[in-house]
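*Asks:* Requesting a structural model of the entry that follows:
(chains A and B)
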Number of protein chains: 2
Amino acid sequence: MARTAPLSGFPELLPAQRHVEQQVLARLTRTFELHGFANLETRAVEPLDQLLRKGETSKEVYVLRRLQATEEGNDSGLGLHFDLTVPFARYVLEHAGKLEFPFRRYQVQKVWRGERPQEGRFREFTQADIDVIGRDTLAFHHDVEVARVMLAALGSLAEPGGIGLPGFRLQVNNRKLIQGFYAGLGAPDVEAVMRVVDKLDKLPRERVHTLLQDDAGLTAQQADACLALASITTPDTSFVEQVRALGVEHELLDEGLAELAAVVEGCAGLVTDRVEIVADLTIARGLDYYTGTVFETRLHGHESLGSICSGGRYDSLATDGRTTYPGVGISLGVSRLLVPLLTRGVVVADRSVPSAVLVAVVEEDRRAESDALADQLRARDVACEVAPSAAKFGKQIRHAERRGIPFVLFPGSAGEHPQVKDIRSGDQTTVDPTSWTPPVEDLHPRVRFDEQEQQ
Amino acid sequence: MARTAPLSGFPELLPAQRHVEQQVLARLTRTFELHGFANLETRAVEPLDQLLRKGETSKEVYVLRRLQATEEGNDSGLGLHFDLTVPFARYVLEHAGKLEFPFRRYQVQKVWRGERPQEGRFREFTQADIDVIGRDTLAFHHDVEVARVMLAALGSLAEPGGIGLPGFRLQVNNRKLIQGFYAGLGAPDVEAVMRVVDKLDKLPRERVHTLLQDDAGLTAQQADACLALASITTPDTSFVEQVRALGVEHELLDEGLAELAAVVEGCAGLVTDRVEIVADLTIARGLDYYTGTVFETRLHGHESLGSICSGGRYDSLATDGRTTYPGVGISLGVSRLLVPLLTRGVVVADRSVPSAVLVAVVEEDRRAESDALADQLRARDVACEVAPSAAKFGKQIRHAERRGIPFVLFPGSAGEHPQVKDIRSGDQTTVDPTSWTPPVEDLHPRVRFDEQEQQ
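*Replies:* So this is what the prediction gives:
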């Protein structure tokens, strides 16, 4: 076993880093379940024809082949899923008869993309998705609901006592608003306008202004209006007035304005100093796929990570020809968010094991005493481990220290209570083994967001 | 999206079934962490040369190919892992400098095997592994430890108030014992004897007796002794006396007897009426791979599932040529255990959503009141959801009923307290929304093991 170099694009975490990820996933899971979302897992593979329905993703698929397959039937016809939306849509069609609609689920799984190895591109990563899917119809208030649930989830990651991430900005836009605006403006090709405006983050404003005329057939005045629309960002519903001031009228625009205002208003109660929501008419990504509400999310101070949480409304997330299943959802890029922060040491856990206590072993023949003490602690929900050898106590203490275990418990001699040492302070006291537990804040590894490290 | 037939070998669960799996995994995780095992995840892929080190598994590997790869470099050189041991060994070598030894980890992940589609064979399934790995040396007491931890974990699945699985039998054997016995007996080819004895579960005893003479070069008397050894099973250390009575002497036999006795004795305190441990000298599987202790496990009343939890001691779980890493571990086949029980309806959860309460909506314009009531419940850790439409209350109650949600909360008119209906009893009472919570046993879906269904 010689080849042990890391594989580019397949991030792996050390135990303390994985603990941070576990904490993040536990908080997300808790929020999703408090809102009635049931968990699902779908198989890792889908038939290739499912995965390739959208041509532009085909290059990213890993195809599976059985090693011993005959030459003729080389490929299995299966590929690894590259997101959780395609498998979820297939799952809903396959199990529709056994599901209750509107169906609400969350899903936390790995996905794979056969990217060429490249800095910062993951080939395996974890996503956490929530979706609500209806049969035939799905009320608009579910758009507000998924935004609220994801804001609550992000809020739980930003709590200073929890993970302490620096804060998030959920950006919402609406395709009906944009499309209605362009149509009301008299654009000859609405899709072409969207494609050009989408280039605003790569090209200078003047260049986009020119392209809107050359490629999308707008007048200079119409192009002005499009750029004015694309610059509107408000933390409240005042965007409605700003859009109205541009003087464009269209039924679809009205609908989009009302929907976007409803999302922003519906989420107002969840805004904190660490989690904000904005109506952001500049975000364009996803407008191609989605049919109404569109979400993106930035982590404060780490905007270079891009959108770490995106989604929106599909009028037809799945269809079997007879029945259509509209849906709305958001996908949080867990690896996209965490791996860079963990790798740079911005977020750390203070120990590499769950153990709050190391039970020392006095001599190998008395290991059973230490095992019994450990079991007493476990019966009170205290994670602990027993020293691997009856080495000198100094060595056993260092064993705990290297793992970040805060307490060492020394069994007493016959008839004596054990002593416990807090290895941070050095304090050592006699304790009653039937009742002692570490302070609650030491029971589990603590996660710390380190502002110093983030530069 | 037409092709929605299930893929053979890739089991998928419905939400209520997945809840059972989540409960099982939560209990396993809790036990592993209470014993100081840290969680790890390894990437899903390994270089093919790693996966193919053991020839006999090569046929089961799924190889990955990027869909857009050029003809020349068709395969990525990567395959999906078929267990969690090979990736863990590679992980230890790759990260050895950043790990503390003995290193204890648990790992719960999917694995894949490119089997031909066949009844009961999974091509994707979940395993839960615990291992302790040392650098250069690993004390024997860790063999006892992993047995104790897995017994505690299995015990948590068999608790009547929990999952309520019918009970487990952990069977332990020891390769040194077997090998030492054959050597002490004067067998000319110890490996050959092991291979023949391994056929006892397929061939009649007389046939094995003949083969031991013809293929393994034993005398009839020696063959008698081997078969006598292979029939010994005791729930305590009395096997030592039974083996001694066969009159064979060998240093390795002594060592094996002492180790096996230590495992059985060390676990005695964990035996309950639902979880037992036996020294079982009939189990042979794994003797080829392992170098000392060997584990297998049967679920009471479901022996046809085979061993649902297996493992043992490796003197060299990993090596980089200079350093050797001995290890001991056990792997629980979560899918192997659960999928047949779930599919046959032997284990069920009583609802398909986490929600304990459905908050009714009086009229669509008053949805915000229902949202606020739901948030009050969530602040007290009560999972709930708000009705999807302001339909007639009878329809909203049926919405809850179909999901198994036990309570419906009706917002009161202005200035009035809401009312809550237990839809199982039909009882409806006025409650204070700032303090009411459902009874604790209704807070989460309940899992039930149904003895009636198991026939």
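
*Asks:* Report the next helix or strand after the helix ranked longest in chain A in sequence order.
*Replies:* Looking across chain A with DSSP state H, the single longest helix is helix A:15-34. Per DSSP states H and E, the first helix or strand lying C-terminal to helix A:15-34 is strand A:38-39.

*Asks:* Parallel or antiparallel, which strands does the helix or strand following that next one pair with?
*Replies:* Downstream of strand A:38-39, the first helix or strand assigned by DSSP H and E is strand A:45-47. Sheet pairing here is set by DSSP bridges, and for strand A:45-47 it gives strand A:75-80 (antiparallel).

*Asks:* ok now the strand it pairs with, how far from the chain's centre?
*Replies:* On the basis of C-alpha atoms, centre = their mean, to the nearest Å, strand A:75-80 sits 27 Å off its chain's mean C-alpha point.

*Asks:* ok, now how distant is the nearest residue to A:Leu337 once chain neighbours are set aside from chain B?
*Replies:* Of all residues not flanking A:Leu337 in the chain, A:Ile308 sits nearest, at 4.4 Å (C-beta to C-beta, 6 or more residues apart in numbering or on different chains). No exception for glycine: its C-beta is placed from N, CA and C like everyone else's. Here the distance between A:Ile308 and chain B works out to 20 Å (C-beta to the nearest C-beta, to the nearest Å).

*Asks:* was I right about A:Ile308 contacting A:Gly333?
*Replies:* Yes - using C-beta atoms under 8 Å as the test, A:Ile308 is close enough to A:Gly333 to be in contact (5.1 Å).

*Asks:* related to what we said a few turns ago, how many residues are close by the residue nearest to A:Leu337?
*Replies:* Using other C-beta atoms under 10 Å in any protein chain shown, A:Ile308 has 22 neighbouring residues.

*Asks:* got a list of what it touches?
*Replies:* For A:Ile308, the contact set (C-beta atoms under 8 Å, 6 or more residues apart in numbering or on different chains) comprises A:Phe168, A:Thr297, A:Arg298, A:Leu299, A:Leu332, A:Gly333, A:Arg336, A:Leu337.

*Asks:* Am I right that the fifth one sits in a helix?
*Replies:* By that I understand A:Leu332. No - judged by DSSP: H, G, I helix; E, B strand; the rest coil, A:Leu332 forms no part of a helix; its state is strand.

*Asks:* Let me know the pLDDT of it.
*Replies:* Confidence at A:Leu332, expressed as pLDDT, is 98.

*Asks:* Look up how far chain B lies from it.
*Replies:* 17 Å.

*Asks:* which stretches of chain A aren't confidently modelled?
*Replies:* A:1-4, A:54-59, A:69-75, A:117-120, A:451-455 (pLDDT under 70).

*Asks:* burial count for the residue of the stretch 101-250 of chain A at minimum distance from chain B?
*Replies:* Closest residue of the stretch 101-250 of chain A to chain B, C-beta to the nearest C-beta: A:Gly114 (3.8 Å). Residues near A:Gly114, counting by other C-beta under 10 Å, number 23.

*Asks:* Would you mind giving the secondary structure of it?
*Replies:* Assignment for A:Gly114 (three-state DSSP): coil.

*Asks:* Confirm for me that it is in contact with A:Glu124.
*Replies:* No - using C-beta under 8 Å, A:Gly114 is not in contact with A:Glu124, being 10.4 Å away.

*Asks:* Can you name the residues that contact the residue of the stretch 1-150 of chain A found nearest chain B?
*Replies:* Nearest to chain B in the stretch 1-150 of chain A, going by C-beta to the nearest C-beta, is A:Gly36, at a distance of 3.1 Å. Counting by C-beta under 8 Å, 6+ apart, A:Gly36 touches A:Arg104, B:Val353, B:Pro354, B:Ser355, B:Ala383, B:Cys384, B:Glu385.
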